[in-house]
Each structure stands twice: as structure tokens, then as C-alpha cells.
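[1] Dropping the sequence and predicted coords here.
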Amino acid sequence: MRRPLILVGGLGIATVCAALVLALAFGEEGKVMVGAGDIAKCDGEGDEGTAALLDGIEGTVFTLGDNVYERGTAAEYAECYEPTWGRHKARTRPVPGNHEYETPGAAGYFDYFGAAAGERGEGYYSYDVGEWHIVALNSMCREAGGCGPDSPQVRWLKDDLAANRDKACTLAYFHYPLFNAGERGTFPNFVGEFWDVLYAEGADVVLSAHDHNYQRFAPQSPDGAADPARGIRQFVTGSGGGDHYEIKDSPENLEAYNEDTYGVLKLTLRANDYDWRFVPVEGGTFTDSGGARCH
């Protein structure tokens, strides 16, 4: 059953205060990551608005899958994605979604993004942004060798995180969410192993999409228990341009949500902490912002 949430301008007073304290304490400008998922449609206008936001925000652009509709073909990337978010292709670090795999092997996706998409047939890779370690994963794991604990991608993830324990903060992103208040449900059989490994290694933030709305969860364990000390904060940001989906439920740790505003998530990453802000398209009024320390 859906329960009402009490929000103050999309965020809690305590969250605002925490963000101000962190900003004053550290005084660091930080590195910016910005993006969303569920993005481009040739017969839609949402992606035009979100691409205009990117025009004014510097930093690394991430995409959270379903980057172009309906089948992720080469023609759709050229005709629907390229005129909007394609303006920022040179600074984009993408992941695929289920619509990319409507084309066999996600060939249109891998052809369009090239080396930035990771190895063809895999679609997972990692990189650093400032003092943060960033992991881009392919939640269409059955297309990338399996989803289990001994699958190639999960083994790679364990090795990658173990090799980067010198980084104080870790962020991962992939298309399917483990926790979701929207109509498209949850995907433990696809991303549960990702979460288990990320949690064990002390990851801080996970970004997902698939449901065409915005959701922010409090830090939690892979089984959904609130865990302010070691939990992972998940954002669902399927607000890039696809038709909106309704919020159907209010899971225990859901802190903020919106179901009718296109926009992007802007993250400012510093050595030991981060800020977030949902930036709405022109004319939008919903926003959500705050900050937190890394583990």
C-alpha cells in the first residue's frame, strides 16, 4: 500500500543542514557527474529539455540505460539520441538498458559509443572521477555471461573493487534497480549479486533507472534494512525523457520521489563526501538535494 511521504520542498530540513555543514567543513569544489536514464525518443520532447540542462553543467555525463527508444538501433541513435544528448557524447560514460538489447547484442549501442561502452559483449568497466572510484555495470547480465556469483561480470567486479580499496568513496551505476517504488518492480535476480559485492566492499552510492521517475532512498543493506553506517544510498533517475511512470508504493527507506518532472541528477564528488541535486527542466518546480559523507 502506498504511504504518504512528508517532504519539505523535496528534501528534509536535516538533510539541508547536513549538506550546508559538509560544504562549509570541506570547502572543496569537487568533481561533477550528471545524467539520467530512459532518455531519447524521436517523437518526444523530454530529452530536449534534459539535454539543454547538460549544456549548462560541466563534468562527466552518465547514462543509465534505455538511452534511446524503441530498440536501440543505429538509426535511432543517429536520429533520436545524437541531436540531443549526443551533443555531449565525448564526455559521456554510458551503460545499456533492456531497450538496447532489443537489437541483438546491443549492436547499435556498442557501435555508437565505441570504446566508451566497454568491451563489446560485456558492457562493464570502471574509471575514477577525482578521489572517487566509479563502476559502470551491465544489468542485462544474462547477455553478458550470467548474473550469478561466479559469472564473469561479478568476478570482475570483485577484483576491480579489491584493486581500488585505496579510494575512500565508490559509486556504481546500472539500469535495473534493486529497490523501486514505481510500476516496473525490482530486479534482484539481475542486480542482487552486484549489490552484495558492492555492500561488502563498502560502496557508497548506486544509480539506476528503468522506472521513468525520480526516487531517492536512505542508505540500506541489500536486504532493504536501514543501515546509516554502512548502507548504500540508491537513486532511481529514469527522468531523462521517456514517458513518465507512476509511483505505486512507498518502500520503507524511500525518502523522496517525483513522477512528473523531467530532469537530471547532478552529483558533486569530493574526497570524503558528496552532494546531490535533482535539476528539473525549464518550467519544472520539483527538486531534491542534500549531502553525505562516504563510509
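    Looks like it came in fine. Numbering: from 1, shown residues only.

[2] pLDDT weak spots in the stretch 151-295 of the chain?
    When residues are selected by pLDDT under 70, none of them lie in the stretch 151-295 of the chain.

[3] All the helices of it, residue numbers only.
    Per DSSP state H, counting those that start in this stretch, the stretch 151-295 of the chain carries helices over the ranges 152-162, 188-200.

[4] just the angle between the last one and helix 152-162, please?
    Yep, that's helix 188-200 we're talking about. 10 degrees (axes from the mean of the first three to the mean of the last three Cα atoms, to 10 degrees).

[5] From the chain's centroid, how far away is helix 188-200?
    Distance of helix 188-200 from the chain centroid (Cα atoms, centre = their mean, to the nearest Å) equals 15 Å.

[6] go on, stretch 34-46?
    14 Å.

[7] who wins for proximity to Asp249 among the helices of the stretch 151-295 of the chain?
    helix 188-200 (15.9 Å; Cβ to Cβ). To be clear about C-beta, it is placed using only N, CA and C from the backbone, and glycine gets the same treatment.

[8] From the rest of the structure, what touches that closest one?
    Helix 188-200 is contacted by residues 135, 137, 139-142, 147-149, 151, 154, 157-158, 161, 170, 172, 174, 176-178, 206, 208, 221-222, 230-232 when judged by Cβ atoms under 8 Å, 6 or more residues apart in numbering.

[9] Kindly supply the PyMOL command isolating those of the residues you listed that are buried.
    Of the contacts of helix 188-200, the buried ones go into a single PyMOL selection, burial set by 16 or more other Cβ atoms under 10 Å:
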select buried, resi 135+137+139+140+141+147+151+154+157+161+170+172+174+176+177+178+206+208+222+231+232
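
[10] which ones among the contacts of helix 188-200 are found in strands?
    Within the contacts of helix 188-200, residues falling in strands by DSSP state E are 135, 170, 172, 206, 208.

[11] Having no further points to raise, I will conclude here.
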